Structure formats: C-alpha cells, structure tokens
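Undergrad: Provided below are the primary sequence and the corresponding predicted coordinates.
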There are 2 protein chains.
Amino acid sequence: MAKKLTTREEDYSKWYNELVIRADLAENSGVRGCMVIKPYGYAIWERMQAELDRMFKETGHQNAYFPLFIPKSYFSKEASHVDGFAKECAVVTHYRLKNAEDGSGIIVDPEAKLEEELIVRPTSETIIWDTYRKWIQSYRDLPLLINQWANVVRWEMRTRLFLRTAEFLWQEGHTAHATKEEAIAEAEQMMNVYSDFAENFMAIPVVKGTKTESERFAGALETYCIEALMQDGKALQAGTSHFLGQNFAKAFDVKFAAKDGALDYVWATSWGVSTRLVGALIMTHSDDNGLVLPPNLAPDQVVIVPIYRSEEELKAVSEVANDLMKQLRSKGLRVKFDNRDTQKPGWKFNEYELKGVPVRIAIGPKDIEKGTVELARRDTLTKEFVAKHDVVDKVISLMAEIQNNLFEKALTYRIEHTTEVSSYDEFKEVLESKGGFISAYWDGTPETEEKIKNETKATIRCIPLDAQDESGNCMVTGKAGARKVLFAKAY
Amino acid sequence: MAKKLTTREEDYSKWYNELVIRADLAENSGVRGCMVIKPYGYAIWERMQAELDRMFKETGHQNAYFPLFIPKSYFSKEASHVDGFAKECAVVTHYRLKNAEDGSGIIVDPEAKLEEELIVRPTSETIIWDTYRKWIQSYRDLPLLINQWANVVRWEMRTRLFLRTAEFLWQEGHTAHATKEEAIAEAEQMMNVYSDFAENFMAIPVVKGTKTESERFAGALETYCIEALMQDGKALQAGTSHFLGQNFAKAFDVKFAAKDGALDYVWATSWGVSTRLVGALIMTHSDDNGLVLPPNLAPDQVVIVPIYRSEEELKAVSEVANDLMKQLRSKGLRVKFDNRDTQKPGWKFNEYELKGVPVRIAIGPKDIEKGTVELARRDTLTKEFVAKHDVVDKVISLMAEIQNNLFEKALTYRIEHTTEVSSYDEFKEVLESKGGFISAYWDGTPETEEKIKNETKATIRCIPLDAQDESGNCMVTGKAGARKVLFAKAY
C-alpha cells in the first residue's frame, strides 16, 4: 500500500503539496515557477471553465482573444498600473537564436534585437484598451462586454502549485460602458457571478466585499472581491472584479459620442478568476485521505469497481456494471467503469479515495446474488449496501446531498472561525490561537492598516458588503467612525 | 449602404483581407504580426474547438497544460528541431522593468537578467518530452494520449490574419507508445480525425497524404497531412500529424520497461491544427457578398429580422418571431432574433449576408396576414416564402442541405482544378493558366523538388494516400519508378 499523506494536523502546507502531486493534479516543471497541469487537474479546470463560460454568456458577454505580448510603452500609459506590474514581468528582447560561431551551442542572435521590448501579459487592460479605441465611437457601441480565456505571466519569486505560479491560466473580462453607474453595476454583477459559482459549484462559502485602497488592483477605483477561508484558518482571495473608472479610457484615449453628441471618456471594468481556484477547491474540502471533490465539478462523479476472482465472475460483474453505467450516464452523470486488470480492487479503492471521486460503487459476485451493490461516499467515508433497482435514484440524490454537505461543512468551519473582537490585544490573541477571519473596526487609514500588517501579518481581506454602513471605534487607534472590516492571514 | 467588397476576380488577396475586417472576424493589433481575434471570429474558433475536443476525447485523449516558456537548452537537444524553429522565436531574457534613473521612462532592469534565456513555445515537443521522462516508466504507463489547447509564437516576417500570424492559437497532441506500429497507427488516426472534421464540419474536401522529406516537421520521420484547395487555386495545409519515431524519447531519455523487463525508448507522435483553419473556412466558401459559413460551424445558424413601421406592428411581429425562435432552439438550432431598433431591416440583411449566417428569416405584417415567413439562403442567395407551420421542418432540412451543398461545391471546384500532367512543360502551363492541384510523377530526389519549387513556386503538397503505390516516369528527369505526387502553389 502506498505511503500515507502527511496529515493536515502535522503540516498543512506539506499536506497540500503532497496531495497535489499524489492526486495527479499538477507538478513543477523544468521552468522556474511554471507548473505542468496534469490531465486530472486540467479536467477540474475544464469543468470550472465550462460553468463560468456559460454564466458569462448568460450575462451577455462574448469571448475574444488579444495578443500575448504588450509593447513596453503601453505599460507606461497608466501610472499605477506600471507600478503594480513592472517589478515582476517576463520581457521579450530578441526574436531569433543562432548557432554560436565558436561551436559552443545555440545563443541569442544579438542582431535580432527588438526595437521595443515586449512584455508577456501579466493582465491585458493596456492592450485591450488600445484596441477598444478603434471599436468604440458612439453610445451604440456600448456596452462592450468581452471576456478572454488566456495564460498570463507574473514573475513571482515564491511559487506554489495552483496558488501562486509564474504562469497561470485565467479568464479576464474587460467591459466598457457609457456611464459610471452602469460600470459599477457590471463590476458588482460579476462579483455576484463569482460568488454564485464559488458557492453552488465549488461548494465554498465566500464573503463578498470591497478592498481597501492599498489592496486594490493597480489602476482600479474600487475592487470587489470574494474571500474564502481555508482549513488552516488562512483566507484566500478567490476572485476580483474591478471598477476602473475612466483611468484606462483616459490613458488610451477612448471616447464615445453620447446620444446628444457630447464626447466623453468610456467607463471600464475588469474581472478575473484563475487556476488558483483549483488550489482553493483542494484546500477547502480535502482530508487526510486525499482529495474530496464536490459532485458539480468532479471530472468523474461515480466510479464503478468490479470485484472478481475469475474471468467468469468478471463477465457477470461487468454486465451489471455496464448496464448501471449506461443508466447513470443517461441521467447526465459522469461515470467511469474501471475494469483494468493491472490493478487490484484495494488499490483502486485507495486511488479513487485519493482522487476524491464523490461516489464509489463496488460490485462483486455476492452482490449479484443478493441484487445489491456496495456504495461508498467520499465525503463521509461511509459505505452501505443498496438494492440494485434503487441505485440510480440513490446516486442522483447523493450528488445533491454531497454537494450540500460539503458546502455546509465549509460554512460551519467558517462560522466557527470568524471572531468579532473589540481590542487589538484580543485581535492578536485570536489570530495566534485560532486564526480565521477576524471582524474588527479599523480607522480607515493606510497607516493603521500597515501597522497591523507589519505586526501580525494579517491583512484586511475586505470591507464586507453587509457591513458597509457599520461604524465603531478603531481597535488600534480608538478613533470613532471606524469601519467594520474582515482581517485574516492570507494566501 | 456600405461600400462593396473588392471582388475575388479583381484581387483575391485584397478580397480576403477586406472580408476578415468587414465581417468582424479579426484585425491587426499594435503588436507586430499579432492579431486580435474579434468576438465573431472567436465564436467560429470556439465551435471548431468544441467539435475537435469532442473528437479527441472520443479517441481516448485527455487535455493537459504545459509551460509557455521553454529553456533554451531544451531546444538544442533535438538537432533538426532547433534548426526548424530557432530562426523565428521570441526570446525572454529579463524578468523586470524599472524606472530609468534619468526619468526618461521605464526600461528593462539590466540586473534582472535570466541565467538561461527562455523561448516562448513555437511548439511544445521539447518541454513535453522533458516532462514525459517523469511520467513514463513501464508499459503500464503507455499509451499516453495527451492534447493541449494553447497559444504559440513563431516570429513570422510576413503575416496575414488567421493564415500566418506571429502568435496563433492551436491544439497540439503529444502521444507516447510502446511500439512503432502503434505510434504510426495513432498518427494516421489523427490525420483521419482531422479529415473527418474538415469534411463534415468545415465542409472542406481534403486530400490525405504524406509529406516529402523536405516538407516534414522538424524532428519527424513521417508527416501526414490534409491539404485543401482554396478558390484562387492555391493549396492550404489544414492539419498535420507527425510520426516522430524515437527522436524525442532519445533526446530527452524517455525509456520504458516492457512486459518482459527490457528497456526501450518510447515511440512518439504529435499533431496539430490552428486558427489557420478559420482562414481556410473563409477562403473556401465565401463569395463577393461576404462570408458563407457552413451550418455546422456557424455561431448563428438562423437570424430572424422583424419588418415593421409602428410599435404595434413590431409587437405583433415579435410575438411570431419569439415563438419561432423558441421552437427552433428547442430543436438545438442556434438562433438570433435581431430586434435592435438602431438599424433598419435593409442594413441587417446586408450585415447577415456579410457575416455568412446560413438562413435568414424575415417576418413582417404581410407575412402575419398570409401565415408565411420569408426565408433566405446565404449559400445560394435565394429566397422563398414558407408557410409558418412548415418553417421549423424546412429550416432543419436546410441546415443539412446547405452543409452538403457547400461541400459539394468545394469538391466540384477541387475536381475541376486537379489536373494530371505528364510533362514539365504541361505542368508549367497548367500551373500558370489554371492553378489548382497538379498530379505528376516526381523522381523522389530533393534536387528535383527544389528545382521545381525555384522555377515555378509550386511545392509538393503531399504524396496522396491513394497514390502511394503508383509509379511512372519523373516529369522533370524522366527517371523511371517515380512517385505520383500532388503539386500546388500554397499558402
């Protein structure tokens, strides 16, 4: 039997790294900070993409594709944007290799130097707004609701599979509007789409809110976010949606003629989620036995394992299994029948437990005799025998039950790990002893925010939407009229 | 009314460029050689992706994702591969920008130079085979059937929208096998998948064949291809599938233990199609009025245009249109009801003709009176009145009819533009007067192939699969035992 995973209790971070590798989700590549997403990990991302893409299209967005490279000069046009991304970007300077004349191998051809360096996109606001200038003339061209599925590169120094990698996959929405109100409504709508997706598909409860000025996206006037809590009490930002005001329209001179003929700059939003979500999914639900996947995103929702000792038994079992698979698939379920003869049933049980398949069905000769199958739930690690004619209905109801159970479990964890504090001492005590979200009053100054961050490593995750009007005394400075915000240590 | 397109007769190349822009498919970006794929063009690519992805999965392949960057040293490991791609690649040399100390703007930070340069992938054999070394130990790990959807970069000097761009989108399959026979069977299978896709979805007849040695992929022992003929008599390579032998396994030291324990290098294939297919689709079917799309790939298969002069008329027409849209959608058709009040019906008719929507339905007050609708076919530019209760059946049968008609039309064109010649003089005469595919005997030497290419600009597109056993006298050198091959000028 394979070596057990490090437990979460022993070392949460090690547990995560081992799980990602052992469950065949991803691995590090020979390129610093870049991961290889393996087929099983990619299948989860594909399920996420399919649902998000559908949700984007249902809210009126279309996909398009913009260049990977951004001329260096584009970056300089939006001041805060260049500050935010220039320190960690991959720069293309040449367009040719050649054989070294001394025979020492291939080298960069010094004669093939680009006149202007190109940046591998860390995000696409600049190249997209440079394009929008050509697409937008009048109010008739608005709103422009575009999304792009793409790879982006940010030269992170400390990387972790899925959570922080130099290259990652994401989607980035970029919309243009005639009015400020409409752009804000769009940014809020997309935060809600992300929140719906997180809660209904990923089974991850999230807090919706806005970022403080210092935590905002480079170039945004407001950043909306969804924040989730992992099992180690650390927060993870799962998606952001930015109201960009007229900053990019001004930087790239994108104006439109209103109905009355008046010219004005266009209002913008951008919003994105990335393969980081796969990391959040893993960390929220998985246990010491391996991955636990919510049925709505599991590449295989059900796996059937045959138990047999002879060819004859395999034949009889396969007949029942194939018939069951057909019935389950006809109900829209993703089902796999693992009849490989290179591995034993025990090995397969471990494998699918490790890979988090929500329901496992085992069928052996005794089951055929009794007209039953053995059904195992991954989330509760419980087993039961179910009469053959009840299996399909049972599995269908289990899908909803497991999905719901995972969400409720994560929600309970979050509720138990969200603490309201009134003093800074209490804040520090809770942060050390328990972690999680800490709700407290903050005086609204970057100085206090910075002080807390430096002293405790906790950051303001968001100003929750449902606490925007609350006020009290700042836990650090005691100032009145302070805002209620959510702190946590974060990924 | 908008300016007419340049006709194909006047200037085929100009017609293509105008059409791509006017039909909102793509445009050049501010980055040399890189295009922006606009929503309508991207929607066509998405339809292609969906069908191909389904076909890949049905043949047992899984998707994965490998890094965008390839360390320079990986390139040197397969000699012919580096020769094939080194001359046109984007090279990342630095990982940071900074503000110039003299305030002149942002510059590349000379202190952030990479130890080893990274190449933006022009294709992923090297990075993938470096990874496969870790994934493959025994025959149990084979076959490994992986596909990747990705962007790649080749620094082309002369670019054209969709047909040849510095960055393009594609899929690249990379498979590993225990035997030579199995790898060859895989390469052939994927050529057949591409051919099925081209003929049944794109409505483009293709010739299947193998490439001559000089036209092979850098690192391949055999390149299978599908070749299509465009309306200007030039050929277009629409997809390739490579049998790579053990070249990459040897370069990256990928061995497996067979059942008997013997160690051997793994056998490989790779295969790909790209956004170039969108260019092929445009060029094969479109006419002087605009795009013509086959129903199986059209983002909108049917568009409904309301005709009205009053709010009251619009209301009555909309009721009929919405009902019809609902019925058509319930049959799985992609239908759009264009009820924008910012544009007149005539403008809309032109627009959807330009955009190649297969069927247009117009509904006005007179139609409601008579219980009919006006139905227009894009491929034949014909119109007819159809009784309301027959419309759904009629549209469904039209989808198959139009799809079939486009294929037959393209096939007829290809048959009429495929000429067998027996002498080099005849070859040159046909090439100049008529173009198209020219079938002729070639003595199998790179010298003769090169001579023909230099003198006529025609290349050997392929050795057709159905002519692999034919032999005769070379049209240039007269040598006996020459092979029958297909020549053409090509994109």
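TA: That came through, no problem. Numbers count the residues shown, from 1 in each chain, chains lettered A, B, ... in the order given.

Undergrad: who touches A:A280 in this structure?
TA: Applying CB atoms under 8 Å, 6 or more residues apart in numbering or on different chains, we find A:A280 in contact with A:M202, A:I204, A:A228, A:M230, A:L236, A:A238. All C-beta atoms are positioned from the backbone trio N, CA, C, and that covers glycine.

Undergrad: Now that we have those, which of them are buried?
TA: By neighbour count, with 16 or more other CB atoms under 10 Å in any protein chain shown, the contacts of A:A280 hold A:M202, A:I204, A:A228, A:M230, A:L236, A:A238 as buried.

Undergrad: can you pull the contacts of the first one?
TA: Contact partners of A:M202, counting by CB under 8 Å, 6+ apart, are A:M48, A:L277, A:A280, A:L281, A:T284, A:P294, A:N296, A:L297.

Undergrad: do that again at 7 Å, thanks
TA: Contacts here follow CB atoms under 7 Å, 6 or more residues apart in numbering or on different chains; on that basis A:M202 touches A:L277, A:L281, A:P294, A:L297.

Undergrad: returning to that earlier point: out of the contacts of A:A280, name the ones that lie in strands.
TA: Among the contacts of A:A280, DSSP state E puts A:A228, A:L236, A:A238 in strands.

Undergrad: just the residues you listed now: which is nearest A:R378?
TA: Minimum separation from A:R378 among the ones in strands among the contacts of A:A280 (CB to CB) is found for A:A228, which lies at 20.7 Å.

Undergrad: My guess is that closest one contacts A:E199. True?
TA: No - the criterion here is CB atoms under 7 Å, and A:A228 misses it with A:E199 at 9.8 Å.

Undergrad: Could you name every residue contacting both of those two?
TA: Once CB under 7 Å, 6+ apart is applied, the residues that A:A228 and A:E199 both contact turn out to be A:V206.

Undergrad: where does the stretch 201-350 of chain A come near chain B, residue by residue?
TA: Residues of the stretch 201-350 of chain A found near chain B, taking CB under 7 Å from any CB of the partner chain as the criterion, are A:T342.

Undergrad: So the residue in the stretch 201-350 of chain A that chain B sits nearest to versus A:T419, what's the distance?
TA: Residue nearest to chain B within the stretch 201-350 of chain A (CB to the nearest CB): A:T342, separated by 5.6 Å. Counting by CB to CB, to the nearest Å, the gap between A:T342 and A:T419 amounts to 51 Å.

Undergrad: the more surrounded of these two?
TA: For A:T342 versus A:T419, the count of surrounding residues by other CB atoms under 10 Å in any protein chain shown is larger for A:T419: 19 against 8.

Undergrad: quick one: the closest residue to that one other than its chain neighbours from A:I452, how far?
TA: Once its chain neighbours are removed from consideration, A:T419 has its nearest residue in A:V430; the separation is 4.9 Å (CB to CB, 6 or more residues apart in numbering or on different chains). For A:V430, the distance to A:I452 (CB to CB) stands at 13 Å.

Undergrad: Isn't A:H94 up against A:A112?
TA: Yes - using CB under 7 Å, A:H94 is in contact with A:A112, at 5.1 Å.

Undergrad: neighbour count winner among those two?
TA: Each of A:H94 and A:A112 had its neighbours counted (other CB under 10 Å), and the higher figure belongs to A:H94 (21 against 17).

Undergrad: Tell me how far the closest residue to that one other than its chain neighbours lies from A:Y42.
TA: With CB to CB, 6+ apart as the measure, B:V91 is the residue that lies nearest to A:H94, at 4.2 Å, once sequence neighbours are left out. Here the criterion is CB to CB. By it, B:V91 lies 28 Å from A:Y42.

Undergrad: Then A:K366?
TA: From A:K366 to A:Y42 the distance is 38 Å (CB to CB).

Undergrad: Tell me which of the two has more neighbours.
TA: Between A:K366 and A:Y42, counted using other CB under 10 Å, the more crowded position is A:Y42 (26 against 11).

Undergrad: can you give me the helices for chain A?
TA: Listed in chain order, the helices of chain A (DSSP state H) span A:12-22, A:39-58, A:72-75, A:79-85, A:125-135, A:180-200, A:247-251, A:276-285, A:311-330, A:345-354, A:365-370, A:391-416, A:424-433, A:446-456.

Undergrad: Next, the angle from the last one to helix A:424-433.
TA: Between the direction of helix A:446-456 and that of helix A:424-433, the angle (axes from the mean of the first three to the mean of the last three CA atoms, to 10 degrees) works out to 40 degrees.

Undergrad: Which of the helices of chain A has the highest mean neighbour count?
TA: Taking mean count of other CB atoms under 10 Å in any protein chain shown as the contact definition, the stretch among the helices of chain A with the greatest mean neighbour count is helix A:276-285, which reaches a mean of 25.

Undergrad: how far off helix A:180-200 does it point, in degrees?
TA: 40 degrees.

Undergrad: So for the nearest residue to A:T372 once chain neighbours are set aside, what's the pLDDT?
TA: What sits nearest to A:T372 in space, not counting adjacent residues and going by CB to CB, 6+ apart, is A:F385, at 4.5 Å. As summarised for this prediction, A:F385 has a pLDDT of 97.

Undergrad: Neighbours of A:F385, how many?
TA: Here the number of neighbours of A:F385 (other CB under 10 Å) works out to 13.

Undergrad: Any idea what it is bridged to?
TA: A:E374 (DSSP bridges).

Undergrad: Please report how far it lies from chain B.
TA: Between A:F385 and chain B the computed distance is 32 Å (CB to the nearest CB, to the nearest Å).

Undergrad: correct me, but that residue touches A:A376?
TA: No - the pair A:F385 and A:A376 does not pass the contact test of CB under 7 Å, sitting 10.6 Å apart.

Undergrad: Any idea how many residues pack against A:P306?
TA: Other residues lying near A:P306 total 24 when counted by other CB under 10 Å.

Undergrad: now stretch A:29-46: how far from the chain's centre is it?
TA: From the chain centre to the centre of stretch A:29-46 is a distance of 14 Å (CA atoms, centre = their mean, to the nearest Å).

Undergrad: Figure out the length between the terminal residues of that stretch.
TA: Its first and final residues considered, stretch A:29-46 spans 21 Å by CA to CA, to the nearest Å.

Undergrad: List the contacts of it.
TA: Residues external to stretch A:29-46 that are found in contact with it (CB under 7 Å, 6+ apart): A:23-28, A:156, A:159, A:161, A:165-167, A:169, A:275, A:278, A:281, A:297, A:299, A:355, B:62-67, B:69, B:71, B:118, B:127, B:130-131, B:146.

Undergrad: try 6 Å
TA: Around stretch A:29-46, the neighbours that count as contacts under CB atoms under 6 Å, 6 or more residues apart in numbering or on different chains are A:24-28, A:156, A:159, A:161, A:165-167, A:275, A:278, A:299, B:62-67, B:69, B:130-131.

Undergrad: among the helices and strands of chain A, which has the poorest mean pLDDT?
TA: When the helices and strands of chain A are compared on mean pLDDT, DSSP states H and E, helix A:79-85 comes out lowest with a mean of 79.

Undergrad: what's that one packed up against?
TA: Packed against helix A:79-85 by the contact rule (3 or more CB pairs under 6 Å, 6 or more residues apart in numbering or on different chains; DSSP states H and E) you find no helix or strand.

Undergrad: Good, wrapping up.
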